[in-house]
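Participant: next input, structure requested:
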Amino acid sequence: MDQALGRRRLLKGSMMVGAGLLAPGLISRASAQDLRSLGLPVPGGHGVMPGDPATMPEIAPVSPAFTPPPSPVGTPEYNRRVLAAAQRQVERVRNKLWRTDLVGIADFSRPSWEPRLHFANLENGTVRSFLVAHGKGSDPAHQGWLQSFSSQYGSLATSRGAYLTCEWYTGKYGTSIRLVGLDPDNTTALERMIVMHSAWYVDPGMITKWGKIGRSDGCFAMAPADFNEALWHLSGGRLLFADRIV
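Facilitator: Model prediction:
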């Protein structure tokens, strides 16, 4: 019992310090039930902490540290497939795009602990990859893998398909990129307020501790340290495509 209480106090203290270091505009709302059950304050924004206290009486970090299994992400063959997918999708929806130099490819065939949002530069043939969250409704058990897509209102799920990235704006998630769905599977994106934004629960430290990142309400949430890359290089009329790519 003493050891369990000690672990809870340590977890509470460390997470309160981490929350204090985050800029208010970058903090997204966690599940109030999850945080209150841990005795933690509820930050602003959205998203959920990995793990469910209702089914995990003692939430402890992965011990000693989570080591991801081997992944094809970043290999030359994988990058060739990403670039090929980007080129195919640009050709398919070219007349709806404003810029075609760079394409965002979210490969949801990969787990959340891998960098699966790829910026495919079609001018120089390079690929840069970043962490991105999927929606809670796409992974109800929070296994770290997207199980399904949905465009239904209230589903909190990720939608597949092509998106037109639009302008920046400041909203409930801080600085965000508005998205317009271009396919039948994501035409509700604008009404569902599916956007790109930064989130505290998308961070390599979460993977080390929990073995996966948190989930969004269906948005493409990126790590705060990475989100400027999307603001500067992916917004403004480019293509973001989401699906199981490989």
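Participant: quick one: the helices in the protein?
Facilitator: Along the chain, counting by DSSP state H, helices occupy 2-21, 32-37, 76-93, 189-192, 204-210, 224-233.
Participant: mean confidence score for the third one?
Facilitator: Across helix 76-93, the average pLDDT comes to 98.
Participant: okay, buried residues for it please.
Facilitator: Buried residues in helix 76-93, counted by 16 or more other C-beta atoms under 10 Å: Tyr78, Asn79, Arg81, Val82, Leu83, Ala85, Ala86, Gln89, Val90, Val93. Yep, even glycine has a C-beta here, placed from its N, CA and C like the rest.
Participant: can you pull the contacts of the fourth one?
Facilitator: The reference is to Val82. For Val82, the contact set (C-beta atoms under 8 Å, 6 or more residues apart in numbering) comprises Ile105, Asp107, His118, Ala120, Val127, Ile245, Val246.
Participant: any idea how many residues pack against the fifth one?
Facilitator: Pointing back at Val127 there. 19 (other C-beta atoms under 10 Å).
Participant: list the contacts for it?
Facilitator: Gly74, Asn79, Val82, Leu83, His118, Phe119, Ala120, Asn121.
Participant: I'd guessed the first one sits against Ser129; true?
Facilitator: Yes. Under the criterion of C-beta atoms under 8 Å, Gly74 makes contact with Ser129 at 6.4 Å.
Participant: who touches both of the two?
Facilitator: Pro115.
Participant: so which of these two has more stuff around it?
Facilitator: When Gly74 and Ser129 are compared for neighbours, Ser129 comes out ahead with 21 against 14, by other C-beta under 10 Å.
Participant: okay, and the beta partners of that one?
Facilitator: Bridge pairing for Ser129 (DSSP bridges) gives the partners His118.
Participant: who touches it in this structure?
Facilitator: Val73, Gly74, Pro115, Arg116, Leu117, His118, Phe119.
Participant: how close does the residue sitting nearest the centre point of the chain get to Pro76?
Facilitator: By C-alpha atoms, centre = their mean, the chain has its centre lying nearest to Ala133, at 1.8 Å. Shown here: Ala133 relative to Pro76, a distance of 27 Å by C-beta to C-beta, to the nearest Å.
Participant: kindly report the same for Leu146.
Facilitator: Taken as C-beta to C-beta, the span from Leu146 to Pro76 is 25 Å.
Participant: now swap in Arg215 and tell me
Facilitator: On the measure of C-beta to C-beta, Arg215 and Pro76 end up 31 Å apart.
Participant: and for Arg192?
Facilitator: In terms of C-beta to C-beta, Arg192 sits 37 Å off from Pro76.
Participant: do Thr170 as well
Facilitator: 39 Å.
Participant: now do Ala242
Facilitator: When Ala242 is compared with Pro76 (using C-beta to C-beta), they lie 23 Å apart.
Participant: which residues sit in contact with Val93?
Facilitator: Ala162, Leu182, Leu239.
Participant: ignore what I typed, I meant Gly181.
Facilitator: Ser151, Ser159, Gly161, Ala162, Tyr163, Thr187, Thr188, Ala189, Leu190, Ile194.
Participant: so the first one sits against Tyr163, correct?
Facilitator: No. Contact between Ser151 and Tyr163 fails when scored by C-beta under 8 Å: they sit 11.6 Å apart.
Participant: list residues touching both of the two?
Facilitator: Joint contacts of Ser151 and Tyr163 (C-beta under 8 Å, 6+ apart) are Gly181, Asn186, Ala189.
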